[in-house]
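Chemist: Pasting a predicted model and its sequence here:
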Amino acid sequence: MILAGVMGDPAGMDVDFTGDLWHWRGPSPAYFVAVPAEDSLDLHAVSKAVTYGWGMIPVRARIGATE
């Protein structure tokens, strides 16, 4: 599955990219997408302020026309 996403933080950061969506079926199932290396530098700079643990950053994403 391909994710065409827009990631945002409380300050309004937008990162547009396309990547593979994958499903973690662990004790707390969730969907993830790996951010391309060139975009991850900006996210890393704000990650401590926006993460809720385990290096996860909650986002508002769009897949096709669905947000």
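Modeler: Looks like it arrived, so ask away.
Chemist: How many residues are close by the closest residue to residue 67 other than its chain neighbours?
Modeler: Nearest-residue entry for residue 67: residue 60, 6.8 Å, with adjacent residues in sequence omitted and distances by C-beta to C-beta, 6 or more residues apart in numbering. From N, CA and C alone the C-beta is placed, and that goes for glycine too. Under the neighbour criterion other C-beta atoms under 10 Å, residue 60 is assigned a count of 11.
Chemist: And the strands in the protein?
Modeler: In the chain, the segments counted as strands under DSSP state E are 2-7, 15-24, 30-33.
Chemist: now, of those, which is deepest in the fold?
Modeler: Between these, the one whose residues have the most neighbours on average, counting mean count of other C-beta atoms under 10 Å, is strand 2-7 (a mean of 16).
Chemist: what mean pLDDT does that one have?
Modeler: With pLDDT averaged residue by residue, strand 2-7 scores 39.
Chemist: before we move on, what about stretch 20-33?
Modeler: This predicted structure assigns stretch 20-33 an average pLDDT of 86.
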